[in-house]
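In: any chance you can model this:
(2 chains)
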2 protein chains.
Amino acid sequence: MRFTSQTSSGGVREQLFALGEIPGVLWTPDGATDSRPLILMGHGGGQHKKAPGMVARARRFVTECGFAVAAVDVPNHGDRPRDEEYDRIATENQERVDAGEELAPLIASFQALVARRTVPEWQAVLDAVQGLDHVGAGPVGYWGVSLGCGLGVPFVAAESRVRAAVLGLGGALASAEDAARVTVPVEFLVQWDDERVPRAQSLALFDAFGSAEKTLHANPGKHAEIPAFELDSTVRFFTRHLD
Amino acid sequence: MRFTSQTSSGGVREQLFALGEIPGVLWTPDGATDSRPLILMGHGGGQHKKAPGMVARARRFVTECGFAVAAVDVPNHGDRPRDEEYDRIATENQERVDAGEELAPLIASFQALVARRTVPEWQAVLDAVQGLDHVGAGPVGYWGVSLGCGLGVPFVAAESRVRAAVLGLGGALASAEDAARVTVPVEFLVQWDDERVPRAQSLALFDAFGSAEKTLHANPGKHAEIPAFELDSTVRFFTRHLD
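Out: Numbering: from 1, shown residues only, chains lettered A, B, ... in the order given. Here you go, the predicted model:
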């Protein structure tokens, strides 16, 4: 794990790092020296580890909860090199949608392909970050919606260090099988008028989680229009389960 | 409006009252003398104005938010006399369910009948309670699930003083038409394994609300098993919209 830069503002230290070929970012409270809960965040499709929504959430988890927060670029996103195979699949999928095929099954199979790489990558990131004195081996939370849900569900299912997860904007077609193996508390976000994930698919994914405590929050609006008050709820959810 | 008793404990003053033939209870902060937000609560079927869940919620609204809270007995409940017509309908409905009829349409038509009485009753209670110095004409919230939703939806639709409502455990069959006329923020509670309200009916009622801000919270469990953390969310919802 190689740190490439460090800055600080408003009580939050931001460290960019590379773990092998994986570019990442770690946010912690300024001056933190000991162990604390850690939230790993997965970004959305076409976004990256430092997209504005990612940074805004990370800063709240750090300043309000005292948590550490880590995020990395998914392959073919952010500071990672173009991946010709993924580009080719994306182009083919677009052609198939243009020719009248349904979008959801194409997204599902693409996310399953990417998850086979990101699950072990994210586990390696957890190992490395938890080895740092100012993070340590405290409880872990996962936050991810849309692509961050498609890649997050198999990660949370595979990784016993994760004790609570906020997921959403994803459907059963992509994730139901892995969701059945998730047993930690889940807060699941649905956009009632989601133009990318059919409502029935979202509800079926919520239904599929194996967790005894799971709570669905649905709000009107399109895929990208999660209301701001849901971040308040997310902060309280992680505080309740990780603190 | 006639007060019949007054007690105080843990910072909460409880006043029993009668408004004509309607028995009610008003909770306010000890020593309150001026205007404040008011929450009207509707109790569930077979319950009454001082059922344990009602008292617990009221105390939190008073102690954490400084609000006033009022509740009255629905006809044929609590301290009100038996109503022969309602009893007869209930007996007939039970016979029809035993003979294989669906429960939901029978509940719907019964609630519509009772609401024709409770909407004007509750409006009269609002008038009276808001006339008191220690309540005043501040913003009003409504809380009610199950029967409290079936009677609450037409009340919230009819009453412009209500600025925000927590509703739930109710279905579209009973309430969709009135729900379309509700435009205030709504937090809507669904029990995912509700044995009384079919899931599709619950989702359809959420869908029917005319509110620009509405949020659905669904949790696993049966009709009466709303998890405790939803009350935390309710407190924050009313604080956000009434304070």
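
In: hey, let's count contacts and neighbours off CA atoms from now on
Out: OK.

In: buried residues, the longest helix seen in chain A. List them.
Out: Ranked by residue count, the top helix of chain A under DSSP state H comes out as helix A:103-130. If you call a residue buried by 16 or more other CA atoms under 10 Å in any protein chain shown, then helix A:103-130 has these buried ones: A:104, A:106-108, A:110-112, A:114-115, A:118-119, A:121-122, A:125-126, A:129-130.

In: helices or strands up against that helix?
Out: helix A:84-98, helix A:147-150, helix A:152-158, helix A:172-179 (3 or more CA pairs under 8 Å, 6 or more residues apart in numbering or on different chains; DSSP states H and E).

In: now that helix and helix A:172-179, what's the angle there?
Out: Using axes from the mean of the first three to the mean of the last three CA atoms, to 10 degrees, one finds that helix A:103-130 and helix A:172-179 are set 40 degrees apart in direction.

In: avg pLDDT for helix A:103-130?
Out: Helix A:103-130 carries an average pLDDT of 94.

In: what does stretch A:215-230 give?
Out: Across stretch A:215-230, pLDDT averages out at 97.

In: send the alpha carbons of it over as PDB?
Out: The C-alpha coordinates for stretch A:215-230 follow below in PDB (Å, rounded to 0.1, in the frame of the first residue of the first chain):
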ATOM      1  CA  THR A 215     -35.500  -1.800   6.100                       C
ATOM      2  CA  LEU A 216     -36.600  -0.500   2.700                       C
ATOM      3  CA  HIS A 217     -36.800   3.300   2.100                       C
ATOM      4  CA  ALA A 218     -38.600   4.300  -1.000                       C
ATOM      5  CA  ASN A 219     -38.900   7.800  -2.300                       C
ATOM      6  CA  PRO A 220     -40.500   9.400  -5.400                       C
ATOM      7  CA  GLY A 221     -38.100  10.400  -8.100                       C
ATOM      8  CA  LYS A 222     -35.700   8.900 -10.700                       C
ATOM      9  CA  HIS A 223     -32.600   6.800 -10.300                       C
ATOM     10  CA  ALA A 224     -30.300   9.600  -9.400                       C
ATOM     11  CA  GLU A 225     -32.700  11.600  -7.300                       C
ATOM     12  CA  ILE A 226     -32.300  10.100  -3.800                       C
ATOM     13  CA  PRO A 227     -33.500  12.900  -1.400                       C
ATOM     14  CA  ALA A 228     -30.900  14.500   0.900                       C
ATOM     15  CA  PHE A 229     -32.600  13.400   4.100                       C
ATOM     16  CA  GLU A 230     -31.700   9.800   3.300                       C
END
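
In: so for it, what gets flagged as buried?
Out: For stretch A:215-230, using 16+ other CA under 10 Å, the buried residues are A:215-223, A:226.

In: stretch A:150-165 now?
Out: For stretch A:150-165, burial by neighbour count (16+ other CA under 10 Å) applies to A:150-159, A:162-165.

In: close to chain B, is stretch A:149-169?
Out: No. Applying CA under 8 Å from any CA of the partner chain, one finds stretch A:149-169 separated from chain B by no less than 13.5 Å.

In: can you give the distance from that stretch to the centre of its chain?
Out: 8 Å (CA atoms, centre = their mean, to the nearest Å).

In: partners of the helix or strand following the longest helix of chain A, with directions?
Out: Next along the chain after helix A:103-130, taking DSSP states H and E as the criterion, comes strand A:140-145. Here strand A:140-145 has these sheet partners by DSSP bridges: strand A:38-42 (parallel), strand A:162-168 (parallel).

In: what's the model's confidence in the last one, averaged?
Out: Across strand A:162-168, pLDDT averages out at 98.

In: coming back round to it: is it possible to get a markdown table of the buried residues of stretch A:215-230 that adds distance to chain B and secondary structure?
Out: As requested, the buried residues of stretch A:215-230 are exported to a markdown table (distance: CA to the nearest CA, whole Å; DSSP: H, G, I helix; E, B strand; the rest coil):
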| residue | distance to chain B | secondary structure |
| --- | --- | --- |
| A:Thr215 | 5 | strand |
| A:Leu216 | 5 | strand |
| A:His217 | 5 | strand |
| A:Ala218 | 5 | strand |
| A:Asn219 | 5 | strand |
| A:Pro220 | 7 | coil |
| A:Gly221 | 9 | coil |
| A:Lys222 | 13 | coil |
| A:His223 | 15 | coil |
| A:Ile226 | 11 | coil |
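
In: look at the residue of chain A most remote from its centre and report its pLDDT.
Out: Largest separation from the mean C-alpha position in chain A: A:Ala99, at 31.1 Å (CA atoms, centre = their mean). A:Ala99 carries a pLDDT score of 95 in this model.

In: please give me every residue in contact with it.
Out: Residues near A:Ala99 by CA atoms under 8 Å, 6 or more residues apart in numbering or on different chains: none.

In: what parts of chain A come near chain B?
Out: Near chain B, when you scan chain A using CA under 8 Å from any CA, you find A:212-220.

In: go again with 10 Å.
Out: A:187-192, A:206-207, A:211-221, A:227, A:229-230, A:232-233, A:236-237, A:240 (CA under 10 Å from any CA of the partner chain).

In: now, which of those residues lie within strands?
Out: A:187-191, A:214-219 (DSSP state E).

In: returning to what we had before: got the buried residues of stretch A:215-230 as CSV, with distance to A:Thr28 columns?
Out: Putting those into CSV (distance: CA to CA, whole Å) gives the following:
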residue, distance to A:Thr28
A:Thr215, 28
A:Leu216, 29
A:His217, 28
A:Ala218, 31
A:Asn219, 31
A:Pro220, 33
A:Gly221, 33
A:Lys222, 32
A:His223, 30
A:Ile226, 25
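
In: max pairwise distance over these: which two?
Out: Taking CA to CA, the two most distant members of the buried residues of stretch A:215-230 are A:Thr215 and A:Lys222; they sit 20.0 Å apart.

In: ok, the ones in strands among the residues of chain A next to chain B vs A:Lys50, which is closest?
Out: A:Leu189 (21.3 Å).

In: okay, the closest one: pLDDT?
Out: For A:Leu189, pLDDT reads 98.

In: who touches it in this structure?
Out: Contact analysis of A:Leu189 by CA atoms under 10 Å, 6 or more residues apart in numbering or on different chains lists A:144-146, A:149, A:166-170, A:202, A:206, A:215-219, A:226, A:230, B:216-217.

In: same thing with A:Glu64?
Out: Going by CA under 10 Å, 6+ apart, the list of residues near A:Glu64 reads A:29, A:235-236, A:239.

In: farthest pair in those residues?
Out: Top of the distance list for the contacts of A:Glu64 (CA to CA): A:Pro29 and A:Arg236, 18.1 Å.

In: those two: who's more crowded?
Out: Shown here are A:Pro29 and A:Arg236; by other CA atoms under 10 Å in any protein chain shown, A:Pro29 has more neighbours (24 against 17).

In: list the contacts of the closest residue to A:Ala172 other than its chain neighbours.
Out: Spatial nearest neighbour of A:Ala172, excluding adjacent residues (CA to CA, 6 or more residues apart in numbering or on different chains): A:Leu205 at 4.2 Å. For A:Leu205, the contact set (CA under 10 Å, 6+ apart) comprises A:168-180, A:188, A:199.
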